[in-house]
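In: Let me see the structure of the following:
(one chain, ligands or ions: 1)
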Amino acid sequence: MLSDDDIRSGMEAFLERRDPGVRAATMGVGNDDLESGRRYLDGAAAGGWAVPSWPRELGGRDASADESRAIKRVQREFSVPDLYVYAVGLAMVGPTLLAHGSEQQQGQWMPSIANGSEIWCQMFSEPEAGSDLANVAMRAERDGDEWILDGQKVWTSRGMWATWGLVLARTDPEVPKHNGLSMFAIRMDSPGVEVRPLVQMNSDKHFSEVFVSGARIPDSYRIGNLGLGWNVAVTVLAHERAAAGGGGGGGGVKKRKGAAPTPPSWLAALLPSGRFEDPLWRQRATKAYSFDQAAAWTNGRAAASRQPGPAGSGAKLRSTRQYRDRATISLDSLGPEAMLTDNEHSLTFLTSPSMAIRGGTDEIQRNIVGERVLGLPSEPRVDRDVPWSRSRKGLL
Ligand SMILES: Cc1cc2nc3c(=O)[nH]c(=O)nc-3n(C[C@H](O)[C@H](O)[C@H](O)COP(=O)(O)OP(=O)(O)OC[C@H]3O[C@@H](n4cnc5c(N)ncnc54)[C@H](O)[C@@H]3O)c2cc1C
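Out: Numbers count the residues shown, from 1 in each chain. Next up, the predicted model:
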C-alpha cells in the first residue's frame, strides 16, 4: 500500500500545490481550455496517477480500491485542472471498455484516453430519444465487415473537440426497443460525420448536434455483443451519474478532530457580504450547509461500494441540488448587482438548470431510485414487447 508521502512525491513531479483559497471550476463551465488538462494527463501518464485503478498497461497503476481513494484524497492538495473536456473518456468510456470491450479495444483506446491525447464524446441523445433513450433511431446497417451509420444525435457535449464518439445505434428495428441496439465507436473526422456547434445560455460553445450520413465503421469498433448495446449504455450511464454525483457541488464541509466545523468555501466567501446577519439568510445558508454535510456522508458511504449502480442516481440528484443552492444563494447575495451578467456567480447560476437535465433529468433519476432502489412499482411500459419498427413514435 502506498503511503501518503509516496503519493505526494509522485504528484510533486508534475503538479503544483493548490492554493486552498481558490475554488476549482465545475463541469467545464465557461472553459474551452484543452491544454491544461492535456498537460496534466500527459504528466500523470508515466505514473498512472490520473486513472490509478486501470491496469498498468492501459495507462493506470493497478491500484486497489483503498489506494485509489488515498490518491484521490492526497490529490486534493494539488492544483489539478478542470478535466471536463476529457471526462467522457476518463470517467465513462474507459470503465465501460474494461467491462464490455475486447482486449484489442482496450489496448487501442484506453492509453490515449489516460494520457489525454484523444478526447471522446457521448453520442446517445437524439431529438426523439432523451429520457426515453432506448428509442434511439440512428440506424447501423451491416455491409460485410463494416457498418453504415445514418441518423442524428443532439446535445453532444464536447462534439467539436472529440476524436472519437461513443454511439448508440439501432442494429435491429424488428425487435423490442431495448433489444435491437448496439454500441459503436466512431472517428469524428470520418466522412459523413458533421458536427454543428450549439451555444448554451451560459455561453458554452462545445455543445453540438451531430449529423451522420452514410458513415462507415469497421465491425471491430462495435463495443460489446450485437444487440446488447442497451447493457453497455446502462454501464456508461451508471458511471456518468456516479461521476456527476461524486463531484459534489458545495465545496465540501471539512472538520478536523476537535475543531469547530467550517462552512464550505463558497459559503465562507459570502460571509463578508454581511448577509448572514439576517436570520432568514442564516436559515437559508444553514439549510444548504446541512444538505452539503449529509450529501458528503452519503456519497462517502456509497463510494465504499465500487460498482456504480442505481444509487448513482441519488448522488446525482444531491449534487444537482447542491449546485442549484450554491448558485442561487451566491447570486442572491449580490442583491441588485446580480442583474449585471459579468460576475462569477451569474455563470454558475446560468449553468444550474442544465445540471438537472444532463446525464438524465431529475425526474428520471427519481424514477430510477423509486423503482430500483426503493422497489416501488414500475411505470407502465406499453412498448416493452412491441418491435421498435411498430412502436408509436413522437407526439402523434
Ligand atoms: C448541458 C447538457 C449536456 C448534455 N450532454 C449530452 C451528451 O454529451 N451526450 C448525450 O447523448 N446527451 C447529452 N445531453 C442530453 C441529456 O441527456 C438529455 O437532455 C436528457 O436525457 C433529457 O432528454 P430530453 O432533453 O430529450 O428531454 P425529454 O426526454 O423530452 O424530457 C422532457 C421533460 O419530460 C420529463 N420526462 C420525460 N420522461 C419522463 C418520465 N418517464 N417520468 C417523468 N418525467 C419524464 C423530463 O424529466 C423532462 O422534464 C446533455 C444535456 C444537457 C442539458
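In: center of the protein - which residue?
Out: Residue closest to the average C-alpha location in the chain (Cα atoms, centre = their mean): residue 240, at 4.2 Å.
In: Quick one: residues contacting that residue.
Out: Applying Cβ atoms under 8 Å, 6 or more residues apart in numbering to residue 240 gives the contacts 91-92, 122, 359. Bear in mind the C-beta positions are built from the backbone N, C-alpha and C, glycine included.
In: is it true that residue 194 touches residue 215?
Out: No. Counting by Cβ atoms under 8 Å, residue 194 does not reach residue 215; the two are 9.6 Å apart.
In: the more surrounded of the two?
Out: residue 215 (23 against 14; other Cβ atoms under 10 Å).
In: From residue 184, how far out is that one?
Out: 10 Å (Cβ to Cβ, to the nearest Å).
In: what's the overlap in contacts for the two?
Out: Here residue 215 and residue 184 share the contacting residues residue 149, scored by Cβ under 8 Å, 6+ apart.
In: Which of the contacts of residue 240 scores worst on pLDDT?
Out: Least confident of the contacts of residue 240 in the model: residue 359, at 89.
In: quick one on the thing from earlier: which of the helices or strands spans the residue nearest to the centre of the chain?
Out: helix 229-246 (DSSP states H and E).
In: what sits against the closest residue to residue 58 other than its chain neighbours?
Out: Distances taken as Cβ to Cβ, 6 or more residues apart in numbering put residue 110 closest to residue 58, at 4.1 Å, once the chain neighbours are dropped. Contact analysis of residue 110 by Cβ under 8 Å, 6+ apart lists 54, 58-59, 94, 97-98.
In: Any of those residues buried? List them.
Out: Buried residues within the contacts of residue 110, counting neighbours by 16 or more other Cβ atoms under 10 Å: 54, 58-59, 94, 97-98.
In: Residue numbers of the stretch 1-150 of the chain in contact with the ligand?
Out: 121-125, 130-131 (Cβ under 6 Å from any ligand atom).
In: on that earlier part again, show me what counts as buried in the helix holding residue 240.
Out: Buried-residue list, helix 229-246, by 16+ other Cβ under 10 Å: 229-230, 232-233, 235-246.
In: Could you measure from residue 363 over to the ligand?
Out: The gap separating residue 363 from the ligand is 3 Å, by Cβ to the nearest ligand atom, to the nearest Å.
In: same question, residue 210
Out: For residue 210, the distance to the ligand - Cβ to the nearest ligand atom - is 9 Å.
In: Now that residue: closest residue in space that isn't a chain neighbour?
Out: Per Cβ to Cβ, 6+ apart, closest to residue 210 is residue 153, 4.4 Å.
In: got it, and residue 157?
Out: Closest to residue 157 by Cβ to Cβ, 6+ apart is residue 207, at 5.7 Å.
In: What residues does the one you found make contact with?
Out: Shown in contact with residue 207 (Cβ under 8 Å, 6+ apart): 155-157, 159, 197-200.
In: cool, residue 212 as well?
Out: For residue 212, the contact set (Cβ under 8 Å, 6+ apart) comprises 138, 149-153, 167, 186, 192-194.
In: how near is the closest residue to the ligand within the stretch 51-200 of the chain to residue 292?
Out: Closest contact between the stretch 51-200 of the chain and the ligand, by Cβ to the nearest ligand atom, is at residue 130 (1.9 Å). Between residue 130 and residue 292 the distance is 29 Å, computed by Cβ to Cβ.
In: on that earlier part again, tell me what the residue nearest to residue 157 is bridged to.
Out: Beta bridges link residue 207 to residue 198, judged by DSSP bridges.
In: Doesn't the residue nearest to residue 58 lie inside a helix?
Out: Yes. According to DSSP: H, G, I helix; E, B strand; the rest coil, residue 110 belongs to a helix.
In: rewinding a little: show me which of the residues of the stretch 1-150 of the chain next to the ligand are buried.
Out: 121-125, 130.
In: Columns secondary structure on top of the residues you listed, output as CSV?
Out: Putting those into CSV (three-state DSSP) gives the following:
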residue, secondary structure
121, strand
122, strand
123, strand
124, coil
125, coil
130, coil
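In: on that earlier part again, most neighbours, which of the contacts of residue 240?
Out: residue 122 (26 neighbours).
In: who are the neighbours in contact with that residue?
Out: 88, 92, 156-157, 165-166, 236, 240.
In: Of the contacts of residue 212, which belong to strands?
Out: Assignment to strands by DSSP state E places the following of these there: 149-153, 167, 186, 193-194.
In: Now flag whichever of the residues you listed is closest to residue 319.
Out: Taking Cβ to Cβ as the measure, residue 319 lies nearest residue 153 of the ones in strands among the contacts of residue 212, at 25.1 Å.
In: Which segments of the protein make up each domain?
Out: 16-119, 121-228, 235-253+274-373 (automatic domain parsing).
In: For residue 383, find the nearest of the ones you listed.
Out: Closest among these, once you apply Cβ to Cβ, is domain 121-228, at 6.3 Å.
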